[in-house]
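Asks: this is the structure alone, sequence omitted:
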Ligand code: MN
């Protein structure tokens with residue numbers, strides 16, 4: 001894509017309100033992308049938003065637990081969390097940093113808050129792996145905020161490119177099979193941001209501060225908009241009503257069967273039983 005101009009924007013197909021839940025050792029969070037939306041938003045499997053200034057909501061963190069078959073991308077807006085995993089990776093994730101972990105054939109890891117007070121806010125996105133890469137070796141990288149590619153548009157939109165490519169800027173991570181785009185957009189009041197998107201890629205927007213307009217519709221804060229795959233649309237145009245902060249996430253669907261059991265996401269039930277057996281027998285993360 002050479003031009004960043006969008007001729008015709010996608011429209012909002014559906015707005016989704018996240019579901020309050022808890023995970024790990026009792027961390028309160030909002031599940032924005034839930035299991036019933038996995039097919040529609042293929043290759044994305046889950047998006048959790050967490051944000052609280054009450055330590056009781058986050059302090060217990062996520063003690064040792066396994067994953068197999070996909071990637072987890074944690075974006076920390078505020079707060080400090082320490083990651084340790086069975087592949088020997090360790091990292092401190094804080095204030096605007098991103099952690100990208102490819103579980104592949106298996107990791108056991110912990111994600112534990114490193115603060116006893118204050119605000120903890122961020123997101124965890126699950127990105128599926130193609131069948132051919134589900135049993136690949138685990139991979140891990142963390143990026144401090146200053147290491148993430150960033151640019152500011154003429155309209156004053158501050159763009160952090162976590163994955164993919166936007167306006168000629170390549171993100172921290174790129175992936176061939178799913179071609180994920182993951183942008184954090186900070187828009188001044190009234191500013192517009194345009195992003196070309198291949199028509200076949202599934203895309204959604206999550207407004208985490210303020211509200212934005214997409215086409216004729218307004219998306220309020222703390223809502224996700226699933227963007228329609230209109231054949232005639234060549235991207236998305238997002239306009240801030242007041243000051244707004246949104247995530248724009250898109251990717252190429254894998255169109256493969258999805259079999260999920262908790263932290264394992266494979267293609268068949270047989271592969272899920274295998275993952276459970278491997279975990280039970282201590283072979284998951286070897
Ligand atoms: Mn985890």
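Replies: Nice, thanks for sending it over. For clarity, every value in this text was computed on a predicted model and none was experimentally measured.
Asks: where's the closest residue to residue 160 other than its chain neighbours, which helix or strand?
Replies: The shortest distance from residue 160 to any residue that is not its chain neighbour, by C-beta to C-beta, 6 or more residues apart in numbering, is 4.2 Å, and that residue is residue 184. In this view, the C-beta of every residue, glycine as well, is placed from N, C-alpha and C. Using DSSP states H and E, the element containing residue 184 is strand 181-187.
Asks: buried sites along that strand?
Replies: Buried residues in strand 181-187, counted by 16 or more other C-beta atoms under 10 Å: 181, 182, 183, 184, 185, 186, 187.
Asks: can you put these in CSV and add pLDDT?
Replies: Converted to CSV, the buried residues of strand 181-187 look like this (pLDDT from 0 to 100):
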residue, pLDDT
181, 98
182, 98
183, 98
184, 98
185, 98
186, 98
187, 98
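Asks: closest one of the residues you listed to residue 251?
Replies: The closest of these to residue 251 turns out to be residue 181 (C-beta to C-beta; 6.7 Å).
Asks: ok, back up a step: packing partners for the strand holding residue 184?
Replies: Using 3 or more C-beta pairs under 8 Å, 6 or more residues apart in numbering; DSSP states H and E as the contact definition, the elements that strand 181-187 packs against are strand 158-163, strand 165-166, strand 192-196, strand 235-240, strand 244-251.
Asks: and of those, who's closest to residue 84?
Replies: In terms of C-beta to C-beta, the element of those nearest to residue 84 is strand 158-163, at 22.2 Å.
Asks: who's in contact with that closest one?
Replies: Strand 158-163 is contacted by residues 73, 75, 96, 98, 148-153, 166-167, 169-175, 180-186, 193 when judged by C-beta atoms under 8 Å, 6 or more residues apart in numbering.
Asks: how many residues are close by the residue nearest to residue 235 when sequence neighbours are not counted?
Replies: Distances taken as C-beta to C-beta, 6+ apart place residue 6 nearest to residue 235, at 3.6 Å, with adjacent residues excluded. Around residue 6 there are 19 other residues, counting by other C-beta atoms under 10 Å.
Asks: so residue 6 touches residue 237, yeah?
Replies: Yes: counting by C-beta atoms under 8 Å, residue 6 does reach residue 237; the two are 5.2 Å apart.
Asks: for these two, list the residues in contact with both.
Replies: When contacts are counted by C-beta under 8 Å, 6+ apart, residue 6 and residue 237 are jointly contacted by residue 194.
Asks: that older thread, where's the residue nearest to residue 235 relative to residue 241, distance?
Replies: Using C-beta to C-beta, to the nearest Å, one obtains 19 Å as the distance from residue 6 to residue 241.
Asks: residue contacts, residue 8?
Replies: For residue 8, the contact set (C-beta under 8 Å, 6+ apart) comprises 230, 232, 233, 234.
Asks: export the residues you listed to CSV and append columns for neighbour count, distance to residue 104 and pLDDT.
Replies: Below are the contacts of residue 8 laid out as CSV (neighbours: other C-beta atoms under 10 Å; distance: C-beta to C-beta, whole Å; pLDDT from 0 to 100):
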residue, neighbour count, distance to residue 104, pLDDT
230, 14, 35, 89
232, 8, 38, 93
233, 21, 34, 96
234, 18, 34, 96
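Asks: touching, the residue nearest to residue 160 and residue 76? I think so.
Replies: No: when contacts are counted by C-beta under 8 Å, residue 184 is not listed as touching residue 76 (11.5 Å).
Asks: how deep is residue 82 tucked in, by neighbour count?
Replies: Residue 82: 15 neighbours (other C-beta under 10 Å).
Asks: pretty sure it sits against residue 99.
Replies: No: checked against C-beta under 8 Å, the pair residue 82 and residue 99 is beyond contact range at 10.3 Å.
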